[in-house]
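# Next one to model:
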Amino acid sequence: MIDPEEKALLEALRAGDEAAYEKLVREHTGRMLSVARRFLREEDDARDAVQDAFVSAFRAIGNFEGGSRISTWLHRIVVNAALMKLRTRRRKPEESIDELLPRWTDDGHPEQAPTPWSAEKLLQRDRVRGLVQSGIDQLPDTYREVLLLRDIEELDTAETAKLLGISSNAVKTRLHRARQALRELLDPALREDA
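Take a look at the predicted model:
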C-alpha cells in the first residue's frame, strides 16, 4: 500500500506543482548523487547524470504508475543516466582486466594464496572502505559497471544484463572476473593488515 504522504507528493508532481518538484529534488538529490558517484569517476559527470535523471523523471512522471516508491523509481533512472553517460563517453577499446586477475601455477594452484578476509568486517572500517572504492575505481568500466550493479546496487543478473545490453552469461563472467581482480587489487593492503 502506498504511503499517503508519497501518494500526495505523486499527485502534486503529476499536477505540475513546482513546490512538489522542489521537495522531490531536495529530498533525493544527496542519495541519487551517491549512486551516480559510484558509477562515474568525475564529480561533474555524477552531477550531470543526476540532473539528467531528474529531467527524465519530470518528463515521465505521468507514466509512473506508483507500483514502487518514488525513491526506487528515481534510483533506477539515475543508474540508467550514469550508464548512458559512461556509454556516450566510451570511445576507447575495452581495457584488458588480465593483469589484475590472480596468477596460477601449472598445476592449477594460485601463485600467491589469497589472504583470508571477511567482507563484513572490512566494510565497517573507513580505511578499507576507501581501499575498496579505490580498487573498484581501478577496474575497467565494463567490469566496474557489472560489479556496481550486482554487488553494490544489488540488481539481479537479468536486470543487470538488460541495463547493460549484454547476455546474462556475460554478466556472470564479468562479475566473476571483476571480483577476482578486485581481490587481487586489495590483497596486498589486506595482507599488511593481517
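
# tell me the pLDDT at the residue sitting nearest the centre point of the chain?
When C-alpha atoms, centre = their mean is applied to the chain, the residue found nearest the centroid is Leu148 (3.6 Å). On the pLDDT scale, Leu148 is placed at 90.

# try Val132
For Val132, the pLDDT comes out at 83.

# correct me, but it touches Leu186?
Yes: Val132 is in contact with Leu186 according to C-beta atoms under 8 Å; the separation is 6.7 Å. Where C-beta positions appear, they are placed from N, C-alpha and C, glycine not excepted.

# now the helices for this protein?
Remark: helices assigned in the chain by DSSP state H are 4-14, 18-39, 43-60, 70-89, 119-123, 126-138, 141-147, 157-164, 168-193.

# Which one of those lies nearest to Leu100?
Counting by C-beta to C-beta, Leu100 lies closest to helix 168-193 out of the helices of the chain; the figure is 3.6 Å.

# And His109, how far from Gly62?
His109 is 59 Å from Gly62, where distance means C-beta to C-beta, to the nearest Å.

# With Ala82 instead?
Relative to Gly62, and taking C-beta to C-beta, Ala82 is found at 24 Å.

# Also Ala178?
Separation of Ala178 from Gly62 (C-beta to C-beta): 38 Å.

# before we move on, what about Arg174?
Taking C-beta to C-beta, one finds Arg174 at 36 Å from Gly62.

# neighbour count winner among the two?
Taking other C-beta atoms under 10 Å, Arg174 and Gly62 do not tie; Arg174 has more neighbours (23 against 9).

# what sits against the closest residue in space to the more buried one that isn't next to it in sequence?
Computed as C-beta to C-beta, 6 or more residues apart in numbering, the closest residue to Arg174 that is not its neighbour in sequence is Val146, at 4.3 Å. Listed by C-beta atoms under 8 Å, 6 or more residues apart in numbering, the contact set of Val146 reads 160, 164, 171, 174-175, 178.

# can you list those in TSV and add pLDDT and distance to Pro4?
What follows is the contacts of Val146, written out as TSV (pLDDT from 0 to 100; distance: C-beta to C-beta, whole Å):
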residue	pLDDT	distance to Pro4
Thr160	90	34
Leu164	86	37
Val171	93	38
Arg174	93	42
Leu175	93	40
Ala178	92	42
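
# Tell me which two of those sit farthest apart.
Distance extremes for the contacts of Val146: the farthest pair is Leu164 and Ala178 at 12.6 Å, using C-beta to C-beta.

# Give me the more crowded residue out of the two.
Shown here are Leu164 and Ala178; by other C-beta under 10 Å, Ala178 has more neighbours (25 against 18).

# Is the more buried one in contact with Tyr143, as I believe?
Yes: here Ala178 reaches Tyr143: they are 3.9 Å apart, a contact under C-beta under 8 Å.
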